[in-house]
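Engineer: got a structure for you, letters missing:
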């Protein structure tokens, strides 16, 4: 910690100055490290996970794709907001037999089918997306689940009408080799059909037209590039920013789905109940609750709460 952030250590060490929100632009190897996971001082031997002095206890963190993003965020505040509150995609179909019945001229060599068949189904993400929709939109907006959570639907819908876009599915990085298939670029796994293979790639995401306050990728490996230091953000995250998203909630490593559901629903619940609470503060509160009073004792460990980071400012 001292070697990495020594020049700002006095600002980040907890004291009475009430610095509670920190914007961070990491480069190099530090891009792979969620800032809330850092500690301002060494804990005493034998300190338990729920008592560790992680910085997230005192500071909310917002990651910046670049320092110029602060100016872009200020300009975006004057832009017209999208009229609809929420659109979500969750619990897509991964079973190769069922998926094959949905595909129209999509899978040409079987590679995509092998990759999809190796993905673990995520039925709990349906309830996750419903809970978030209820929290932020009172049940309004649009939600596509299962066979309706298709790549074709993403491309066909006027997504620039929605302020919050929510994708609860697997995120895949370039070079992922699952089930004997190799993915050539980052992608979100969705239900195939309508002439689409079910993998929404970074290239395809960049071609979308968005006006989202923020995009949530409740998935694996959506924050960091393929190699630490190569890119500050993954191709998926960069593609959504390029398409028009003002902010992202993304993950640094593969996540455990049940704890991810808890963290996401609590983040949006706190923001709604807080009536104007900044997104970063709501995210911080959800993490702290998971550390000190988790539904599952294992969730105090940072493997469960640390991967998700907020990039940009959705407020």
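Structural biologist: Ah, there it is. Model, not experiment: these values are computed from the prediction. Numbers count the residues shown, from 1 in each chain.
Engineer: residue 264 belongs to a strand, doesn't it?
Structural biologist: No. Using DSSP: H, G, I helix; E, B strand; the rest coil, the assignment for residue 264 is helix, not a strand.
Engineer: tell me how far it lies from residue 40.
Structural biologist: Distance, residue 264 to residue 40, by Cβ to Cβ, to the nearest Å: 27 Å. Just so you know, the C-beta spots here come from the backbone N, C-alpha and C atoms, and that holds for glycine as well.
Engineer: repeat for residue 81
Structural biologist: On the measure of Cβ to Cβ, residue 81 and residue 40 end up 37 Å apart.
Engineer: and the two? Which one has more around it.
Structural biologist: Neighbour count, other Cβ atoms under 10 Å: between residue 81 and residue 40, residue 40 has more, with 20 against 12.
Engineer: what's around residue 61, how many residues?
Structural biologist: The number of residues near residue 61, taken as other Cβ under 10 Å, comes to 21.
Engineer: so the residue nearest the centre of the chain, which of the three states?
Structural biologist: Centre of the chain computed as the mean C-alpha position; nearest residue by Cα atoms, centre = their mean is residue 250, 2.3 Å away. On the three-state scheme (three-state DSSP), residue 250 is labelled strand.
Engineer: surely residue 163 is within a strand?
Structural biologist: Yes. Applying three-state DSSP, one finds residue 163 inside a strand.
Engineer: pretty sure it sits against residue 210.
Structural biologist: No. Distance between residue 163 and residue 210: 10.2 Å, which falls outside the contact criterion (Cβ atoms under 8 Å).
Engineer: and residue 87, helix, strand or coil?
Structural biologist: strand.
Engineer: what's the closest non-adjacent residue to it?
Structural biologist: residue 162 (4.0 Å; Cβ to Cβ, 6 or more residues apart in numbering).
Engineer: any idea what the one you found is bridged to?
Structural biologist: Per DSSP bridges, the residues bridged to residue 162 are residue 84.
Engineer: repeat for residue 61
Structural biologist: Applying DSSP bridges, one finds that residue 61 bridges with residue 22.
Engineer: measure it to residue 27 for me?
Structural biologist: Where residue 27 is concerned, residue 61 sits at a distance of 16 Å (Cβ to Cβ).
Engineer: I appreciate the help and will end here.
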